[in-house]
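[1] Sequence plus predicted model, see below.
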Amino acid sequence: MSGTFVGMPAFPKAAHEAVHDQTLRGNLRHATHTIRAKREKAVSEVSDWAALREAGKRIKDHTLRHLDRYLVQLEESVTAAGGTVHWAADADEANRIVADLVKATGEPEVVKVKSMATQEIGLNEALEAEGIRAYETDLAELIVQLGKDRPSHILVPAIHRNRGEIRDIFRGEMGEWGRPAPEGLTDTPAELAEAARLHLREKFLRAKVGVSGANFMIAETGTLVVVESEGNGRMCLTLPETLISVVGIEKILPTWRDLEVFLQTLPRSSTAERMNPYTTMWTGTTDGDGPENFHLVLLDNGRTDSLADEVGRQALRCIRCSACLNVCPVYERAGGHAYGSVYPGPIGAILSPQLRGVGSEIDASLPYASSLCGACYEVCPVAIDIPEVLVHLRERVVEGGAVTERGNKVVLKPAKGHAAERAAMRAARWAFSRPGALRAGQRLASRTRRLHPRSLPGPGKAWSGSRDLPTVPKEPFRDWWQRTNGGKDGAK
Amino acid sequence: MRVALFLTCVNDTLYPDTGRAVVKLLTRLGVDVDFPMAQTCCGQAHYNTGYRHEAEPLARHFSDVFGEYEAIVTPSGSCGAMVRELYPRMGERARAEGRGDTLSATLAPVVPKTYELTEFLVDMLGVTDVGAYYPHKVTYHPTCHGLRGLGLGERPRRLLQAVKGLELVELPGAEECCGFGGTFALKNSDVSAAMGADKVRNAESTGAEVLCAADNSCLMHIGGTMARLSTGMRPVHIAEILASTEEEPAV
């Protein structure tokens, strides 16, 4: 498996492989069901959960509505606290800024805190191309990096791996990147964690440059916040001389007070903990304490365009907790890689087609990667109505229409490959607008019922490959109703 | 009270027994039920597949057909949720597209008076014991749009628990989607089939003879999977169980 999502096939094709991979199905089922049950317990302890969810939604909506103002306020606060703010319109620009900042330090390597934004822009690969090595220090990201793999989950990117696979990756690959795995490493969790600790520690102590994202940015103070479980983040955020944080512009909160809501909802939704083990907050630079140089790279990369869409913009409330992944029956069976993006699962299915557009095969297929069961919306701590956005994006795929791309209004054409479906939908609408036509069709089906096959050829196999067709009754209900005067004539 | 049966196009065409059961049940409970012959389809498949504009004429047609009735009863959680949740949203989208309030105003009358069958029984008629008899072991699958869209909650279970002779057993993983999802079943058939197979295995593990739900489209998928996997179980719509009596038992 290569480390890139470029050129991914459509979701159904990618999912086809995953559904039949029994090891993967087992790993995912076990992991998602465990965390699902824990989350439910952690959330049920909070008596005002519904109010917290509503507050989180409103704070995010308010911030997004006034994003222009809060971004400028944040820039002023960060600058006043000794940091430097950079603005990046897209992935290339952000990668360029970070690479130049690292080069200016003369360092050949950086240590990284787990960050979705830097995964989104492919920062590691961009730095590699400039001769700079980026070391992932989150345990799961380390497993993915060592395995030349791709992340398959937002919170636990190596969720698709079991202990045996992780031991094999550590044994085979750690030596290439630094301190090798200890002799005779087994697959017990404590040994695997110790191997990672030893491997990473030399990198923490050596690194002069740290790269992170952030969970929150506080506009009024210029404070950045990272919540994490392993302590690797704390190491990367405090030990290096230079810290570079790449953060999506939607991560702003107006005030310190607003944190109260999210520091309750995020850990319970994501790791099912009452509070995460490490919360690191920093405001610019402080003499003699922590990094001497702090750079904040504010990343747009499609976010302003999403903000212009009044249905789709709610996806920008996302705090990357991954509760929606853990509860999703489609994610559980298709796995994260099928989504062709660092953002898998239900949130990925609405984020990727907005941030990247619906032009590619994979992005045009993502809005359909859901049965619209609504479990994601139910658990979302900022009440993103994911099914609503999925249906909205389906409409964008089949109908095209006005969207914003890089700040400009453009009109999309309907996507290719939906002609037969469109014709069928129109024909159905025509028939359903005429009760007589519907009835004629029903009667035809009823009269030819003995000729109907149990399975269908061609595209019909999509149904009958795994399910018997329903048998068509002797007469439709409406004929019975009319024949028996609504059953009043006693006829059965 | 003038009550209309909105049977849904799927039930009308493929599951007339469910329609007959609703008529029998409501008549027994003293409700005068009408079936407006001009009814067709609520437009859910169009809307959820991304053809909102194709769904609009169907929604307007629905409103024309049912607008005059005092209550509209449907034996489908998803079609009920289409009217109650998504018709107002269609109106909002039309407004956002600069087409004014016409669609909203057209659809508004039918939205609050559309009831899913179990809601109508429990909330409007105030009954949980409908005098039914069904001597079978049954497990209940709450379908997604009924559960999370309409918030049917315990209503279907309360109705089933009051049925004489019926033994209700809990379905493991009951609240997980069966994998039907309308056109999802065709567009993502591998994942849909895997979800269906897991649902059927969970149902089998209960030892029940019957898997009951309040939506035949989900039951078409679950039942088709059961037949293919040669389980001994049958899918049965809740209306058929509630309509069954000692004098006229359902088979």
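    Looks like it arrived, so ask away. Numbering: from 1, shown residues only, chains lettered A, B, ... in the order given.
[2] switch to C-alpha atoms for all contacts and neighbour counts from now on
    OK.
[3] what about chain B, any weak spots by pLDDT?
    Flagging of chain B using pLDDT under 70 yields the residue ranges B:251.
[4] Which residue ranges of it form helices?
    With DSSP state H applied, chain B shows helices at B:9-14, B:16-28, B:44-49, B:52-66, B:77-81, B:87-96, B:102-107, B:117-119, B:144, B:155-161, B:184-187, B:189-204, B:216-228, B:238-243, listed in chain order.
[5] give the contact list for residue A:369.
    Residues near residue A:369 by Cα atoms under 8 Å, 6 or more residues apart in numbering or on different chains: A:11, A:12, A:330, A:349, B:184, B:188.
[6] circling back: select, out of the helices of chain B, the one closest to residue A:408.
    helix B:87-96 (19.3 Å; Cα to Cα).
[7] Output the contacting helices and strands for the closest one.
    Counting contacts by 3 or more Cα pairs under 8 Å, 6 or more residues apart in numbering or on different chains; DSSP states H and E, the secondary-structure elements packed against helix B:87-96 are helix B:52-66, helix B:102-107.
[8] And the contacts of that helix?
    Helix B:87-96 has contacts (Cα under 8 Å, 6+ apart) with B:52, B:56, B:59, B:100, B:101, B:102, B:103, B:104, B:105, B:107, B:108, B:111.
[9] residues contacting the last one?
    By Cα under 8 Å, 6+ apart, the contact list for residue B:111 reads B:83, B:84, B:87, B:88.
[10] I'd like the distance between it and chain A.
    Plainly put, residue B:111 is 18 Å away from chain A if you go by Cα to the nearest Cα, to the nearest Å.
[11] And that residue, its phi and psi?
    Backbone dihedrals for residue B:111, given as degrees, to the nearest 10, come out at phi -60, psi -60.
[12] ok so, going back, list just the nearest of the contacts of residue A:369 to residue A:378.
    The shortest separation between residue A:378 and any of the contacts of residue A:369 is 15.5 Å, and it belongs to residue A:330 (by Cα to Cα).
[13] can I assume the closest one is in contact with residue B:191?
    Yes - Residue A:330 is within contact range of residue B:191, at 6.5 Å (criterion: Cα atoms under 8 Å).
[14] neighbours around residue 26, how many?
    Went with chain A since none was named. When neighbours are defined as other Cα atoms under 10 Å in any protein chain shown, residue A:26 has 14 of them.
[15] Let me rephrase: I mean chain B.
    Neighbour count of residue B:26, defined by other Cα under 10 Å: 23.
[16] For it, which residues are in contact?
    If you count contacts by Cα under 8 Å, 6+ apart, residue B:26 has them with B:32, B:33.
[17] re earlier: pull the most distant pair out of the contacts of helix B:87-96.
    If you compare every pair in the contacts of helix B:87-96 using Cα to Cα, the most distant one turns out to be B:100 and B:111, at 18.5 Å.
[18] Provide the secondary structure category for the residue nearest to residue A:281 when sequence neighbours are not counted.
    Counting by Cα to Cα, 6 or more residues apart in numbering or on different chains, residue A:225 is the residue found nearest to residue A:281 once chain neighbours are left out, at 4.5 Å. Assigned state for residue A:225: strand (three-state reduction, DSSP: H, G, I helix; E, B strand; the rest coil).
[19] that older thread, by neighbour count, which of the contacts of helix B:87-96 wins?
    residue B:59 (25 neighbours).
[20] how many neighbours does the residue nearest to that residue when sequence neighbours are not counted have?
    Using Cα to Cα, 6+ apart and skipping the chain neighbours, the partner closest in space to residue B:59 is residue B:42 (5.8 Å). The number of residues packed around residue B:42, counting by other Cα under 10 Å, is 26.
[21] domain ranges for the chain?
    I went with chain A, as the question did not name one. By the assignment in automatic domain parsing, chain A contains the domains A:1-417, A:419-483.
[22] could you do chain B instead?
    Per automatic domain parsing, the domain ranges recorded for chain B read B:3-124, B:137-243.
[23] Thanks a lot, see you next time.
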